[in-house]
Every structure is written in structure tokens, then in C-alpha cells.
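J.: Next comes the sequence, and after it the predicted model I'd like to discuss.
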Amino acid sequence: MDHRNEIREFLTTRRATITPEQAGLPAYGGNRRVKGLRREEVCLLPGVSIDYYVRMERGNLAGVSDSVLEALARALQLDDAEHDHLFDLARKSVAVPPARRRPAAPKQVRQPILQMLEAIPDAPAWLRNARHDLLAANRMARALYAPMLADPHQPPNTARFVYLDPAAKTFFPDWDRASDDIAAMLRSEAGKNPYDKALTDLIGELSTRSEDFRQRWAAHNVRFHRTGFKRLHHPIVGDLELNFEAMEFPSDPGLTLLVYTAAAGAPSARCLEAPGQLGEHPRPTQRTPGERRIGRRFTEGIEMHLIPKTPSTKGPGGMFTGDVHFDVIAAGVAPSRLRVNIVRFAPGARTAWHRHANGQTLHVTDGQGLVQARGGAVVEMRPGDTVYTPPGEWHWHGAAPEHFMSHLAMWESLADGQDGPETEWGEHVSDGEYGTPQP
Ligand code: MN
């Protein structure tokens with residue numbers, strides 16, 4: 001949306017929420033056509049002319065002095081978040097010299113901050129950026145937010161979870177409030193950073209896919225979310241009532257730490273007390289003699305946590321021929337980039353040709369399968385076989401013609417800050433190519 005429209009709709013929606021009584025003005029007659037204050041009534045308060053107010057409400061805040069903005073904020077009875085949003089909108093009305101631009105949000109969370117997160121052992125604590133991507137979480141937060149972390153879309157994003165994942169309505173018993181809050185927080189952020197592409201992309205996606213989001217976005221509400229109370233319904237421990245505090249890092253603008261606590265002695269506090277309550281398991285510190293060390297690349301940074309029950313996903317036809325279903329087994333949170341799916345192929349089903357930027361390891365658990373690298377022979381896979389495809393190599397895999405086949409697929413997502421998909425998909429594997437395996 002263009003910036004002047006943004007200002008116009010913000011000011012008109014604020015004006016519509018105040019009654020003359022609230023503004024301390026006499027209410028003239030019973031039949032007001034206008035919801036809220038009339039333009040002239042706003043002008044009575046800050047002592048600016050009607051022409052000047054109309055100019056502002058048409059979206060022109062360029063050159064408006066801070067004292068006039070303050071007066072306007074008072075007249076419209078803006079709260080802190082709305083007040084700051086008005087000033088953000090005014091600031092973005094004039095060209096900002098590069099030196100005053102807010103520094104770009106860091107792509108990766110600094111190591112000392114990650115260590116600080118893990119040093120909070122007794123409370124769920126996590127980090128998010130301004131678009132509400134969950135960037136890192138300590139052990140308790142990973143267990144607490146397991147339903148959100150199960151989203152194969154990485155990094156997990158609270159707004160995407162709330163609006164696009166049906167599980168959110170169970171996880172947030174106060175879903176209406178949670179969805180109002182997140183839309184208002186994104187609206188505040190968009191006022192601060194109207195040219196942040198990742199943010200505008202997210203808002204575009206939510207607007208396209210969610211009517212709930214569209215309605216809330218159109219309300220032009222803005223909100224800070226710095227302290228409060230949340231009810232969550234966890235798949236293992238059930239209902240939780242938690243207080244939260246949100247803190248932004250002065251050294252890393254846009255990066256926010258959230259910590260949840262429960263009132264001492266409350267039932268929720270007991271759920272957070274003992275490790276394991278939320279379904280988490282302590283990290284094994286000692287290896288038992290004879291235990292095999294499996295590829296360090298894939299185990300580093302991984303801890304056990306329960307992935308809640310989510311329905312299997314049926315693969316889209318663009319990626320597969322025949323019926324292919326998969327479940328997410330692991331979707332690591334930074335610094336881990338591990339992804340593990342179990343993939344089940346019906347007889348004759350197979351992937352299209354594709355390649356993985358970081359390579360992929362397959363491990364057959366059941367049935368009989370086939371795999372082929374471009375230019376190579378079709379090779380049979382049996383339970384227990386492990387096949388590695390190097391980065392960038394075109395290949396396909398699937399079930400043998402008359403057998404089911406299941407395999408684990410393990411790979412690393414792209415490093416933070418890299419663009420593009422981890423997997424590139426090509427044409428389908430024709431029946432001719434699928435052919436018969438070599439002995
Ligand atoms: Mn593959």
C-alpha cells in the first residue's frame with residue numbers, strides 16, 4: 001500500500017474510534033453521520049487549522065513539526081504504540097539520509113546471545129526478529145513451541161503459524177487475541193520499516209492466504225507486545241498460563257528475547273519445573289562405550305524433543321508421480337539446520353528429477369525402492385541401505401513398481417542469509433525412464 005494511503009487510513013480509523021464524549025466535546029444532536037470524531041472536532045483540540053488537519057489526513061505528514069504531531073496524538077488519544085507509529089509514518093514521509101537508517105537486522109544471531117539463551121535453563125526463552133521469525137529457542141522453549149516448530153517452512157514464523165496452521169487455534173486458546181496482536185505488531189513494524197522486503201513478502205503472503213489476516217490488517221491497529229499474559233494449550237502438558245516479558249537488544253535492533261514464567265505455585269509452574277514435563281529430554285552428556293558416532297555434521301546441535309501429532313502431508317503432484325506421503329521428523333532450529341522427513345511411496349510412485357543444494361542422505365526403512373543419478377543406472381534400494389547424493393547432483397528416488405517403499409530423507413537447509421530453495425525440482429520421471437532396475 002502506498003505511504004499516503006497508509007497515513008490516511010491510520011488517521012481516519014483512529015478518528016473513528018473516539019466519541020465526542022471521550023474527547024470532552026459536547027455531542028451535537030443525536031443523529032451524527034460520522035462514526036467517531038469529525039475532522040473539525042479533531043482540530044478543536046490541537047489548535048491547528050482545519051486545512052492543515054485535512055492535509056495531514058490526506059497522507060501528507062512531510063514537514064509536520066513534532067509539536068503538532070504530539071498535539072495530534074493527544075487529540076486522537078493515541079496509546080504508546082499508536083503514538084510511535086504516527087511518528088514513524090511522519091518520518092518515512094521525508095527522504096531519510098542513509099546514515100539515519102535503522103541498521104539492517106542481523107541475518108544470524110550472534111554466538112554469545114545463543115549462549116545466553118541456553119544459560120536460561122528454567123524458563124522457556126526464545127528469540128525473534130521484527131517479522132516474528134523464531135530464530136532460536138532454548139530447550140524449554142523448543143518443547144513449549146513444538147507445535148509451531150513442526151512447520152516444515154523454516155524458519156518458523158509466529159504470524160504464519162497463527163494464520164495459516166489450523167493447529168494454532170488449539171495451541172492458542174485465545175486465538176482471536178493472538179491474531180489481533182500479531183497483525184497489530186506487524187503493522188507497527190511495517191510503519192518503521194516500510195521497505196523491508198522480507199516483511200512485505202510475509203504480509204503479502206498472509207493477505208493472499210488468510211481472510212482473518214486481511215480483516216485485521218485493514219483495521220490499521222498497532223501494538224507493542226512487551227509484557228503480558230498468555231494462555232497456551234500444549235499437546236503434552238495441556239493448559240498453561242504464562243507471563244511473558246519481551247526485551248529488545250540495544251546492540252541488535254529488531255532482535256527480541258522473550259521469556260515465559262508461571263506464577264509461583266500455580267499449576268503451570270509445576271509443568272515448567274521438572275525437565276521432561278514438556279516432553280523434552282536432557283541432552284546425553286556421556287557416550288556409552290561402543291556407541292557409534294554418526295556423522296557429526298548431522299548430530300551437532302540436535303536435542304531430542306517430541307514432534308506433536310500432525311497429519312501426514314501428501315506430496316504435491318509437481319514434485320512426485322503417484323502417491324507420496326511424508327512426515328517431518330526433525331526441523332532443527334538455528335544453529336541446527338538439520339531436516340529429517342520420513343517419506344512413504346506407494347508402488348510405482350517416485351519423485352521428479354531434483355537436486356539438493358546441500359546434498360541429501362536417504363536411508364531405506366521398508367519395502368523396495370529405486371534410485372538413479374542423472375547419467376547413471378537405476379539402482380535398487382533395500383531396507384538398511386543408505387544412499388548419499390552430493391550437492392547439486394540431479395537424481396530421483398521412489399518405490400519399485402510392485403512394492404511400497406519408505407525412506408528417511410536427511411539434509412541440511414541453506415545457511416541463514418542464503419537465498420533460493422534448498423531443493424530444485426525438474427521434470428517428472430517418465431515411465432520409460434522409470435524402467436526396470438539393473439541387478
Ligand atoms: Mn533427493
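T.: That came through, no problem. Numbering: from 1, shown residues only.
J.: helices or strands up against the longest helix along the chain?
T.: In the chain, taking DSSP state H as the definition, the longest helix is helix 175-192. Counting contacts by 3 or more Cβ pairs under 8 Å, 6 or more residues apart in numbering; DSSP states H and E, helix 175-192 is packed against helix 80-91, helix 158-164, helix 168-171, helix 197-209, helix 211-218. Heads up, the C-betas are built off the backbone N, CA and C, glycines and all.
J.: Following element in sequence after the one helix or strand in the chain whose mean pLDDT sits lowest, please.
T.: One helix or strand of the chain scores below all others by mean pLDDT, DSSP states H and E: helix 296-299, with a mean of 36. Sequence-wise, the next helix or strand downstream of helix 296-299 (DSSP states H and E) is strand 313-314.
J.: What lies in contact with that following strand?
T.: Taking contacts as Cβ atoms under 8 Å, 6 or more residues apart in numbering, the residues outside strand 313-314 that touch it are Pro152, Asp323, Val324, His325, Phe326, Asp327.
J.: Who is the fourth one paired with across the strands?
T.: What it means is His325. Lys314, Arg344 (DSSP bridges).
J.: burial count for it?
T.: When counting by other Cβ atoms under 10 Å, one arrives at 17 neighbours for His325.
J.: Contacts only, for it.
T.: Ser312, Thr313, Lys314, Gly315, Val343, Arg344.
J.: The same query, at a cut-off of 10 Å, please.
T.: When the contact criterion is Cβ atoms under 10 Å, 6 or more residues apart in numbering, the partners of His325 are Pro311, Ser312, Thr313, Lys314, Gly315, Ile342, Val343, Arg344, Phe345, Ala346, Ala349, Ser406.
J.: count of residues packed around the last one?
T.: Read that as Ser406. 18.
J.: For it, give its distance to Leu257.
T.: Computed as Cβ to Cβ, to the nearest Å, the Ser406 to Leu257 distance reads 40 Å.
J.: Tell me where the model's unsure across the stretch 201-350 of the chain.
T.: Along the stretch 201-350 of the chain, the model assigns pLDDT under 70 to residues 270-271, 273-310, 333-334.
J.: in the longest helix of the chain, what's buried?
T.: Judged by neighbour count (16 or more other Cβ atoms under 10 Å), helix 175-192 contains these buried residues: 178-192.
J.: Can you point out the buried residues in the lengthiest strand in the chain?
T.: Counting residues, the longest strand in the chain under DSSP state E turns out to be strand 238-249. Within strand 238-249, the residues that count as buried by 16+ other Cβ under 10 Å are Leu240, Glu241, Leu242, Phe244, Phe249.
J.: State the distance from Pro316 to Arg231.
T.: Counting by Cβ to Cβ - Pro316 and Arg231 are separated by 35 Å.
J.: okay, Thr351: pLDDT?
T.: In this model, Thr351 is scored at 96, pLDDT.
J.: Identify the residues contacting the residue lying closest to it once chain neighbours are set aside.
T.: Nearest non-adjacent residue to Thr351, counting by Cβ to Cβ, 6 or more residues apart in numbering: Trp396, 4.8 Å away. By Cβ under 10 Å, 6+ apart, Trp396 lies in contact with 320-321, 350-354, 370-374, 378, 389, 426-429, 433-434.
J.: Can you select the buried ones from those residues in ChimeraX?
T.: Buried members of those, defined by 16+ other Cβ under 10 Å, are picked up in ChimeraX with:
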select :320,321,350,351,352,353,354,370,371,372,373,378,389,428,429,434
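J.: neighbours of Asp2, just the number please.
T.: Asp2: 9 surrounding residues under other Cβ under 10 Å.
J.: Tell me if I'm right that it and Gly59 touch.
T.: Yes. With contact defined as Cβ atoms under 10 Å, Asp2 counts as touching Gly59 (8.2 Å).
J.: so what sits against both of those two?
T.: Arg8.
J.: Pull the most distant pair out of the contacts of strand 313-314.
T.: Pro152 and Asp323 (18.5 Å; Cβ to Cβ).
J.: Show me which residues of stretch 84-94 are buried.
T.: Buried, per 16+ other Cβ under 10 Å, within stretch 84-94: Asp84, His85, Leu86, Phe87, Asp88, Leu89, Ala90, Lys92, Ser93.
J.: State the distance from the second one to Leu206.
T.: The span separating His85 from Leu206 equals 19 Å under the rule Cβ to Cβ.
J.: Which one (most neighbours) among the contacts of strand 313-314?
T.: Ranked by the number of neighbours (other Cβ under 10 Å), these place Val324 first, at 22 neighbours.
J.: residues contacting that residue?
T.: Contacts of Val324 (Cβ under 10 Å, 6+ apart): 313-317, 343-346, 349-351, 398-399, 405.
J.: Check Gln77 too.
T.: Going by Cβ under 10 Å, 6+ apart, Gln77 touches Arg14, Thr17, Ile18, Gln22, Ala23, Leu37, Leu45, His83.
J.: ok, the residue nearest the centre of the chain - contacts?
T.: Using Cα atoms, centre = their mean, the residue of the chain that lies closest to the mean C-alpha position is Asn157, 0.6 Å off. Shown in contact with Asn157 (Cβ under 10 Å, 6+ apart): 128-129, 131-134, 148, 151, 163-164, 182, 202, 205-206.
J.: cool, Leu164 as well?
T.: Contact partners of Leu164, counting by Cβ under 10 Å, 6+ apart, are Asp151, His153, Asn157, Glu205, Leu206, Arg209, Ser210, Asp212, Phe213.
J.: Leaving out sequence neighbours, find the closest residue to the fourth one.
T.: Taking Cβ to Cβ, 6+ apart, and ignoring the residues beside it in sequence, Glu205 has Arg160 as its nearest neighbour in space, at 7.5 Å.
J.: since we're on that neighbour, how many residues are nearby?
T.: Neighbour number of Arg160 under other Cβ under 10 Å is 24.
J.: residues touching it, list them.
T.: By Cβ under 10 Å, 6+ apart, the neighbours of Arg160 are 131-133, 148, 151, 153, 168, 182, 202, 205-206, 209-210, 213.
J.: Which pLDDT does the model give it?
T.: 95.
J.: Give me the sheet partners of the longest strand of the chain and which way each runs.
T.: The pairing partners recorded for strand 238-249 under DSSP bridges are strand 227-234 (antiparallel), strand 252-261 (antiparallel).
J.: in what helix or strand does Pro194 lie?
T.: Secondary structure (DSSP H and E) places Pro194 outside all helices and strands.
J.: So it sits against Lys92, correct?
T.: Yes. If you go by Cβ under 10 Å, Pro194 and Lys92 touch, sitting 5.6 Å apart.
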